[in-house]
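S.K.: pasted the sequence and its predicted model underneath.
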Amino acid sequence: MKDINPKQKVAILRILRDAGEAIGSATIADELAAYGFELSGRTIRLYLQEMEQDGLVTPARRGREGGRTITPAGYEEIHDALVTNRVGFMASKVDELACRTTLNLRSRSGLVVLNVTTIDETQLNRAIREMVPVFKMGMGMGEFIVLARAGECLGSFRVPPGKVGIGTVCSVTINGVLLSARIPAVSRFGGVLEVHDGRPVRFTDVIYYNGTSLDPLEIFIKGGLTSVREAARTGHGRIGASLREIPTASLSETRTIRSRLEEIGLNGILMLGKPNQSLLEFPIDEGRTGMIVTGGLNPTAAIQEAGIPTSNIALCTMVEFDRLIHFKKEMANVMAREEFRTMEFE
């Protein structure tokens, strides 16, 4: 058969990623219509066979339904493919995931956006210890994480063999909560925020969402531009953060929502500016107010800075809020595991 159209291949991989479970050619054909493609079931099956040979998808357990799921290599293909067509992709992805967020602050239930970091499973206890100071200093997007072992799923993401998946709440969740209150937040850029005594001072590097196909904080972490670990321990350093704008008319309601977010452990809004005034030297549009939000990947940036190799996927998937675990509980689990190991050798 002829080579797969690259756009169609990426569309199929995205459909498999978003499905979160094995699906077949008929379901994929229906979903492809939203991408503007009309392919027969036979053509899709042939495409899937070729993608399976390339290691991008894997067949589900044999059964009545069959179907395929995406592999880690498939995620990388989505990440790397069609860069020229994905300039500004982050801005549209932020808006898409904000619309899919269903977190209800009163019932403390619903979907939140999740970043996923994978590390070697032997490094889990050490990694948890590195994240705790970041959470304690309020430099994460809230106080929660979720863990998954090899073969388990975090939303639509399946953890590769030999790895542990660490999910942290993505700051785009705030956009979704605001949107549910009819407050449209515009995400301007992600950047490296310098803090002194734990307080924001200035952005040292920024990447605008409408001009990038990658998450800015992923780039800054890989480039070694953050010092989250130091900031969490001394109050001085550089962390990931982003600038949003909200309508000034919604400022009072946004303050109320900020308080409610903090009540349930999602203390991600670092600063709310003044109407029509610049924030940390960045101009704000007329009729709008600036807002600084901490980066959800900050806790795992500290892991990377401690010398533990990480693989980060920002805005990776969505999970139910009640699946998240408070970082203090996970730290207690670490201590229990280490105490058990000590007893084994006594």
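M.R.: That came in fine, so what should we check first?
S.K.: where exactly do the strands run in the stretch 1-150 of the chain?
M.R.: Counting by DSSP state E, counting those that start in this stretch, one finds strands in the stretch 1-150 of the chain at the ranges 57-59, 68-70, 111-120, 144-148.
S.K.: just the stretch 151-300 of the chain next, same as before
M.R.: Assignment of strands within the stretch 151-300 of the chain using DSSP E, counting those that start in this stretch yields the ranges 153-154, 157-158, 163-169, 186-196, 199-208, 237-247, 269-272, 288-294.
S.K.: quick one: mean pLDDT for the second one?
M.R.: It refers to strand 157-158. Per-residue confidence for strand 157-158 averages out to 87 on the pLDDT scale.
S.K.: residue nearest the middle of this protein, spatially speaking?
M.R.: Averaging the C-alpha coordinates of the chain gives a centre point, and the residue nearest to it by C-alpha atoms, centre = their mean is Asn115 (2.4 Å).
S.K.: low-confidence stretches in this protein?
M.R.: Across the chain, residues meeting the criterion (pLDDT under 70) sit at 1-2, 61-66, 81-89, 335-346.
S.K.: go with 80
M.R.: Where the chain drops to pLDDT under 80, the residues are 1-3, 20-21, 34-36, 60-66, 79-91, 211-214, 330-331, 333-346.
S.K.: domain parsing for it?
M.R.: In the assignment given by automatic domain parsing, the structural domains of the chain cover 6-85, 111-323.
S.K.: run the chain-centre distance for the longest one.
M.R.: Distance, stretch centre to chain centre, for domain 111-323: 8 Å (C-alpha atoms, centre = their mean, to the nearest Å).
S.K.: try the first one
M.R.: On the basis of C-alpha atoms, centre = their mean, domain 6-85 sits 22 Å off its chain's mean C-alpha point.
S.K.: coming back round to it: okay, the strands of the stretch 1-150 of the chain, which one's buried deepest?
M.R.: The highest mean neighbour count among those, using mean count of other C-beta atoms under 10 Å, belongs to strand 111-120: a mean of 24. Using the backbone N, CA and C atoms, a C-beta is placed for each residue, glycine as well.
S.K.: so in that sheet, which strands flank that strand, and in what orientation?
M.R.: Each strand paired with strand 111-120, and its direction, by DSSP bridges: strand 163-169 (antiparallel), strand 311-320 (antiparallel).
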